[in-house]
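Enquirer: okay, here's the prediction I keep looking at, along with the sequence it came from:
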Amino acid sequence: MESFRTEIEDPIVQKDIIDLERKIALFRDGKIDDERFRSLRLARGVYGQRQEGVQMIRIKLPFGKVTSEQLVRISKVSDEYSTGRLHITTRQDIQIHYVSLDRTPQLWAELEKDDVTLREACGNTVRNITASETAGIDVDEPFDVSPYAHALFQFFLRNPVCQEMGRKFKISFSSSDKDTALSYIHDLGFIPKIVNGEKGFKVMLGGGLGSQPSHAELLSEFIPVNQIIPTTEGVLRIFDRFGERAKRLKARMKFLIKDIGREEFLALVEEEKKALSHQVVEIDTTDFDGSIPEPLLKAPKVILEDRVAFEKWKKTNVIFQKQNGYVAIGIKVLLGDFYTDKARLLAELIKNYGANELRFTLRQDILIRNVKEENLEFFYQELAKLAYVAIGYDSTADITACPGTDTCNLGIASSTGIAVELERVLAAEYPQYSNNREITIKISGCMNACGQHNMAEIGFQGMSINSGKLVAPALQVLLGGGNLGNGSGRFSDKVIKIPSRRGPDALRFILNDFHANANGLSFLHYYDDKGEKYFYEMLKPLADLTNLTEADFVDWGNADNYVKAVGVGECAGVVIDLVATLLLEAKDKLTFAREAFEEQKWSDAIYHAYAGFVNGSKALLLSENQKTNHQAGIVDLFDTVFVETNKIPLQSTLKALVFQIKENEPSEAFAKKYIQEATTFFDTIETFRTKDLQDEK
């Protein structure tokens, strides 16, 4: 495993990969607890999958942007380390499956040759920052949000503020008021605005899906562009300090805001201002100036044999850009799965005849941007050779689905199998929906909503149903969700649960009734007009369990009878803390603090020292069987258990010591003082712990 160490130019990246390799070795030797190791590898994009002994690797691609070189690099890695299949996620990442854990450091090193990372693609971190795939070309956008999404990605990657939060944190940037990046379901959602000639964002706070969907609240109607990084850092600091850590299902930011209230949360963010690493961050937009490079090669003129098919495809799959004379081409990707042989040819096409860029979309598709309109027929011909001209891009017929029981530990029923069948039904029986963008259909294999089923006009959630003797795969049918634009949306109602095999009939019932009885209303107005009970009664015959057949016990895409098997979820990076492990980590944090100080990164050094205080305190509390649910509580409880009882003598309370962090600007002098105090504190608790262990013997 030595070779990659000399191939990576960036010493920070090299150190990261070597650390992963070292931790894998310690895990193999039984020196790192399984649950603790899980947290570490998740933050490096390494995710356990349903099949034992192999990993899913999530490749982090900010706002889905990919060059031809990066796509080729990802394809090489998939061929070498995986199966040659690439899966596009609803967060614009790429996932590959069936990877050996021991090969992940080398895989990561290969990706970094073309500036592609795994870092913080999973785990309790800032996840991939998403954006409207049309950002930069959208005719409705006030300005291109891409450079701002990119700046946030760069600023918070490896940032100590967001490495070990209680849960994941999701950020999106929409290109316009249409809010196609769905700000209302994100921890932070940004919508571009221009006010009095100044660029900025409307910001939504604390949204989320999962089993308990929550609509984001308004953080601000307008924040100038140079304030979005300080604002985000303040929010992350408060989430890190006060966010739930003991109860995983209550650990997202939406629950923290519900517990303490929006005003209290924002007051805490305001209190944190002095401690921020920057009060203002000017964002460089020069790499996103809107200029489009000329293609390397001149596209030949072509004569298409089937003009009817071309025109139909053009109507559903081509977007006219704000740049005159240019179009974007949508490629509808069934289930978000495509393969490296075609990916390489696609990379060659955009490099030679396009602008060397595509973006993976939030609907698990591909958008080729900046194609000269005069070359559209040539692109159609070349994409047809790859079978990439299926009509219905970003339409009702373009169904979103998570992997479900194919590879995910939490999958209850197949989402991919039913999605394939529903797309077949739509293509064969409802072709008019290939150009309908009013109704979205989304499917998740469980309640966690990775397929976003509970914010769609028509949603399906994988479940199981007990018929008395056998368990059958089932679907919860949800209706009435949707994106309303400008930070507003609605969540769908759980209407009825039916056997999975009846999912296609449920879709037929709904669409047929909509066609017959909507009377010109939009789908959401039609749903509201009829009411939830109307749809329950309509679908009720499909819920009858007295007439199940043998086929009903076989899930879509499977040959054998259904067996409900749910493993341990990895989405949140569940952690079992051990005293010794926490003390070791506290020591590591102090080392990181000193290293950051030497690099004159005062804010990073201070935050690493803060983490050292917290981890050390938590370790000693656990040794006394004391538990708390967030970092601020750890500090308070330490004072109660150790300081007020004089078990551990400190010159002040730990609270006064630790929370100097929010009372001081991140200067060299304060960083030096704070690190020294954290080091002294650690020496004190380590001495106490050593003596305590000796007394126990």
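Expert: Alright, I've got the coordinates. What you see is a predicted model, and the numbers here were worked out from it, not measured in a lab.

Enquirer: only C-alpha atoms for contact and neighbour calcs from this point on.
Expert: OK.

Enquirer: what's the mean pLDDT across the longest helix seen in the chain?
Expert: The single longest helix within the chain, with elements called by DSSP state H, is helix 668-696. Averaged across helix 668-696, the pLDDT comes to 89.

Enquirer: for that helix, what is the distance to the chain centroid?
Expert: For helix 668-696, the gap between its own C-alpha mean and the chain's C-alpha mean amounts to 37 Å (Cα atoms, centre = their mean, to the nearest Å).

Enquirer: remind me which residues of this structure are low pLDDT?
Expert: Across the chain, the ranges flagged by pLDDT under 70 are 1-9, 35, 50, 405-407, 409-411, 559-578, 695-697.

Enquirer: tell me the domain boundaries of it?
Expert: Following automatic domain parsing, the chain resolves into domains at 3-110, 130-287, 291-385, 403-553, 579-696.

Enquirer: can you lay out these as a markdown table showing mean neighbour count and distance to residue 392?
Expert: Converted to a markdown table, these look like this (neighbours: other Cα atoms under 10 Å; distance: least, Cα to Cα, whole Å):
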| stretch | mean neighbour count | distance to residue 392 |
| --- | --- | --- |
| domain 3-110 | 20 | 17 |
| domain 130-287 | 20 | 16 |
| domain 291-385 | 18 | 5 |
| domain 403-553 | 20 | 4 |
| domain 579-696 | 18 | 47 |
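
Enquirer: need the three-state assignment for residue 548.
Expert: coil (DSSP: H, G, I helix; E, B strand; the rest coil).

Enquirer: next, residue 144: secondary structure please.
Expert: Secondary structure for residue 144, judged by three-state DSSP, is coil.

Enquirer: for residue 443, that is, sorry about that
Expert: Assignment for residue 443 (three-state DSSP): strand.

Enquirer: export only the CA atoms of whichever strand or helix holds residue 529, formatted as CSV.
Expert: In the assignment (DSSP states H and E), residue 529 maps to helix 523-530. The C-alpha coordinates for helix 523-530 follow below in CSV (Å, rounded to 0.1, in the frame of the first residue of the first chain):
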residue,chain,number,x,y,z
PHE,A,523,-52.9,17.4,-9.3
LEU,A,524,-52.5,19.0,-5.9
HIS,A,525,-55.6,21.0,-6.2
TYR,A,526,-57.5,17.9,-7.4
TYR,A,527,-56.1,16.0,-4.3
ASP,A,528,-57.2,18.8,-2.0
ASP,A,529,-60.6,19.0,-3.6
LYS,A,530,-61.3,15.3,-3.2
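
Enquirer: just the CA trace of the helix or strand following that helix, in CSV.
Expert: Remark: after helix 523-530, the chain's next helix or strand is helix 532-539, criterion DSSP H and E. Extracted C-alpha coordinates of helix 532-539, given in CSV (Å, rounded to 0.1, in the frame of the first residue of the first chain):
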residue,chain,number,x,y,z
GLU,A,532,-57.6,12.0,1.7
LYS,A,533,-60.6,9.8,2.5
TYR,A,534,-61.7,9.8,-1.1
PHE,A,535,-58.4,8.2,-2.2
TYR,A,536,-58.5,5.8,0.8
GLU,A,537,-61.9,4.5,-0.4
MET,A,538,-60.7,4.4,-4.0
LEU,A,539,-57.6,2.3,-3.1
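
Enquirer: packing partners for helix 532-539?
Expert: strand 493-499, helix 503-517 (3 or more Cα pairs under 8 Å, 6 or more residues apart in numbering; DSSP states H and E).

Enquirer: so what strands line up beside the shortest one?
Expert: Pointing back at strand 493-499 there. Under the criterion DSSP bridges, strand 493-499 sits next to strand 471-479 (antiparallel) in its sheet.

Enquirer: not counting the partner strand itself, show me its contacts.
Expert: 412-413, 453-454, 456-466, 492-501, 503, 527, 552-555, 562-564 (Cα atoms under 8 Å, 6 or more residues apart in numbering).

Enquirer: still on that earlier bit, closest to residue 612 out of the helices and strands packed on helix 532-539?
Expert: strand 493-499 (45.0 Å; Cα to Cα).

Enquirer: and the closest one with helix 503-517, angle?
Expert: For strand 493-499 against helix 503-517, the angle by axes from the mean of the first three to the mean of the last three Cα atoms, to 10 degrees is 130 degrees.

Enquirer: what about the strands in the stretch 51-200 of the chain?
Expert: For the stretch 51-200 of the chain, the strands defined by DSSP state E, counting those that start in this stretch occupy 55-59, 65-66, 85-88, 94-99, 130-131, 171-173, 188-195, 198-205.

Enquirer: looking at the domains of the chain, which is nearest to residue 393?
Expert: domain 291-385 (4.8 Å).

Enquirer: how far out from the middle of the chain is the closest one?
Expert: On Cα atoms, centre = their mean, the centre of domain 291-385 falls 26 Å from the chain's centre.

Enquirer: contact partners for the nearest residue to residue 671 once chain neighbours are set aside?
Expert: Spatial nearest neighbour of residue 671, excluding adjacent residues (Cα to Cα, 6 or more residues apart in numbering): residue 606 at 5.4 Å. Counting by Cα under 8 Å, 6+ apart, residue 606 makes contact with 593, 661, 666, 671, 674-675.

Enquirer: confirm residue 606 sits in a helix?
Expert: Yes: Residue 606 sits within a helix when classified using three-state DSSP.

Enquirer: and it, how close does it get to residue 16?
Expert: Distance, residue 606 to residue 16, by Cα to Cα, to the nearest Å: 20 Å.

Enquirer: JSON lines for the strands of the stretch 51-200 of the chain, including distance to residue 544?
Expert: Formatted as JSON lines, the strands of the stretch 51-200 of the chain follow (distance: least, Cα to Cα, whole Å):
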{"stretch": "strand 55-59", "distance to residue 544": "38"}
{"stretch": "strand 65-66", "distance to residue 544": "47"}
{"stretch": "strand 85-88", "distance to residue 544": "36"}
{"stretch": "strand 94-99", "distance to residue 544": "38"}
{"stretch": "strand 130-131", "distance to residue 544": "41"}
{"stretch": "strand 171-173", "distance to residue 544": "41"}
{"stretch": "strand 188-195", "distance to residue 544": "42"}
{"stretch": "strand 198-205", "distance to residue 544": "42"}
